[in-house]
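Asks: need a 3D model of the following:
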Amino acid sequence: MFKSPIFIVPLLLSFHSDSVSGFIIPNNSINGGRGTSTPSRLFMSSSTGGGKALIVQNKGGGHGELGYQLAKTLSSHPKISSITILQDDACDKTKEPFKSYTADLPEVEIIDTNLGFEGMEPFQIQSILGGRDASFDYVWDNASKSAKDGSCGKALCDAALSWQPKLFCYVSSAGMYLPGEDATFPMSEADTPIKESSGQAQFENYAASIGLPLVSFRPQYIYGVKSNKWSYLDWFFDRLCRGAPVPIPGDGSQKVSLTNSEDVASLLACPLNDEAAAVAQRVFNCGTDELVEYREVVKMCADAAGVALGGDEIRYYDKGLGKGTFPFRLEDFYVAPDLAKEKLGWGGPKHSLKDDLGWYFDSYKERGGPLEVIDFSKDEELIKG
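Replies: Numbering: from 1, shown residues only. Model prediction:
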C-alpha cells in the first residue's frame with residue numbers, strides 16, 4: 001500500500017499547553033536556507049497493527065550509513081508499518097549512503113531539514129514531521145550529540161514525549177568510556193566509567209529523566225559498503241599498497257572491534273525482540289564479538305591487497321611516543337555485544353572483517369585510494385623514535 005508523494009513546508013507554531021495552532025514561515029527560518037523538506041513515497045508493510053518508525057539521521061561520518069541500513073532492516077520487520085527518515089540536510093547528497101536513498105529506499109519517507117539549527121523547539125520538530133497529528137511508535141536517534149537548550153536533540157526528546165513511543169533508541173558512542181589502568185575488557189556497560197560531561201552521556205541522562213523509554217547503544221568502529229567514513233581501514237591499505245612501513249603501537253596485541261554496518265543495524269533493531277527488557281536494561285554496547293588484534297588487521301589487509309609480508313613491513317614502536325595518525329587507541333579499547341545477546345536475543349554478527357576485506361579493497365581502489373598522495377612524515381617520526 002502506498003500513499004501519494006507529499007511535500008511538507010515547515011511551520012512555525014504557537015504553542016499552548018492544550019492546543020497547537022500554526023502559520024507558515026519561510027523555509028530558511030528552520031532549514032538554514034538549505035531547502036524544504038521533501039519526503040518521498042511512504043513504506044507500508046503487509047503487517048497489520050504495526051508501528052510507525054522514525055529514524056533521525058546525521059549528516060555523515062562514522063555513523064553516516066546507519067540510518068540507511070536500519071531502514072532496510074526495519075522494512076521487513078512485522079512490528080513496523082511505516083518508516084520515516086528525518087535527514088540532516090547538511091549531508092552531501094552526491095555521496096553514499098545519501099545518494100542511494102531514492103533507488104534503494106523508495107518506500108521510505110525522507111524528510112530533509114537542518115538538524116544543526118540552533119534554537120530548535122519541540123513544536124518545530126512536530127511541524128517538520130507533519131504537524132500536531134504526527135506521532136511515532138518507535139524512534140531511533142542517530143543524530144543528536146547533546147540535549148542542551150535549543151538543540152535539536154532536546155527538541156526531539158520533548159516532542160517525542162508527547163507521542164508516548166514504545167521505544168526511544170539512541171545511537172550513542174563507546175568513545176565515552178574511560179577505562180582505568182586496571183580495567184577489564186571488553187568494557188562493561190555497568191562497571192566501566194564514562195565521561196559524564198560528554199554530550200552523549202548528557203543526552204542519555206536527559207532522555208531518561210523526562211520519562212522516555214530510552215534504549216541507548218554505544219557502538220565503536222564501523223565500516224560498510226555504503227560507508228560515509230573509510231579512514232579506519234584505508235589507513236592500513238594506504239601504507240601496504242605503497243610499500244611503506246606500517247607503524248603499530250606497542251606489540252600490536254591490542255584488540256579492536258570493527259563492525260559491519262549491517263550488523264550494527266541489526267543490533268539497533270533488536271530491542272523490538274523484547275521491548276520491556278530493552279528499556280529495563282537501557283544501555284547496550286554495540287559491536288561484533290569477532291575481535292581482532294592490530295597486527296592481525298595488518299596481515300588481513302595485506303592478504304586482501306595481495307601484498308606479501310616479508311617481515312619488516314610492520315614497525316612496532318613505543319606507545320609513549322603517541323599515536324601519530326594511527327586510527328585506533330594506543331591501548332585495548334573494545335566492547336562486546338554480550339548483553340544484547342543475553343537480554344534481547346541478538347543472534348550475533350553475520351559478517352566478519354576477514355571476509356569483508358575483499359570487497360573493501362575493491363572499493364578502496366575504486367575510490368582512488370592507491371593514487372592519493374599520502375603524508376607519511378608522522379609515521380617516520382614514530383619509527384625513528
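
Asks: surely Thr73 touches Leu267?
Replies: No: Thr73 is beyond contact range of Leu267, at 9.7 Å (criterion: C-beta atoms under 8 Å). From N, CA and C alone the C-beta is placed, and that goes for glycine too.

Asks: those two: which is more packed in?
Replies: Taking other C-beta atoms under 10 Å, Thr73 and Leu267 do not tie; Leu267 has more neighbours (26 against 19).

Asks: that one sits in which helix or strand?
Replies: helix 261-269 (DSSP states H and E).

Asks: partner strands of the longest strand seen in the chain, parallel or antiparallel?
Replies: Across the chain, the strand with the greatest residue count (assigned by DSSP state E) is strand 80-88. Here strand 80-88 is paired, per DSSP bridges, with strand 51-57 (parallel), strand 109-113 (parallel).

Asks: what does that strand contact?
Replies: 39, 42-45, 47, 49-59, 67, 71, 74-75, 98, 101, 105, 107-116, 128-129, 136, 138, 143, 272 (C-beta atoms under 8 Å, 6 or more residues apart in numbering).

Asks: tell me which of the residues you listed fall in helices.
Replies: Filtering these for membership in helices, criterion DSSP state H, returns Gly67, Ala71, Leu74, Tyr101, Ile128.

Asks: by neighbours, which of these wins?
Replies: Gly67 (30 neighbours).

Asks: looking at it, that residue is touching Lys59, isn't it?
Replies: No: if you go by C-beta under 8 Å, Gly67 and Lys59 don't touch, sitting 10.7 Å apart.

Asks: for the stretch 151-300 of the chain, what spans make up the strands?
Replies: Assigned by DSSP state E, counting those that start in this stretch, the strands in the stretch 151-300 of the chain fall at 167-171, 214-219, 221-223, 246-249, 255-256, 258-260, 283-286, 292-293.

Asks: contact partners for Leu330?
Replies: Pro249, Gly250, Gln254, Lys319, Gly322, Lys323.

Asks: can you show me the strands along the stretch 1-150 of the chain?
Replies: With DSSP E, counting those that start in this stretch as the criterion, the stretch 1-150 of the chain has strands spanning 11-15, 20-24, 51-57, 80-88, 109-113, 138-142.

Asks: deepest in the core, which of the ones you listed is it.
Replies: strand 138-142 (a mean of 26; mean count of other C-beta atoms under 10 Å).

Asks: give me the contacts around it.
Replies: 51-58, 63, 66-67, 70, 79-80, 153, 156, 160, 163, 165-171, 268, 272.

Asks: Ser75 is in contact with Ala265, correct?
Replies: No: under the criterion of C-beta under 8 Å, Ala265 makes no contact with Ser75, lying 11.0 Å away.

Asks: okay, now Ser76: neighbour count?
Replies: Neighbours of Ser76 (other C-beta under 10 Å): 10.

Asks: show the pLDDT at it.
Replies: You'll see Ser76 listed with a pLDDT of 94.

Asks: comparing the strands of the stretch 1-150 of the chain, which yields the minimum mean pLDDT?
Replies: strand 20-24 (a mean of 29).

Asks: the bottom helix or strand of the chain by mean pLDDT?
Replies: strand 20-24 (a mean of 29; mean pLDDT, DSSP states H and E).

Asks: centre-most residue in the protein?
Replies: His63 (2.8 Å; C-alpha atoms, centre = their mean).
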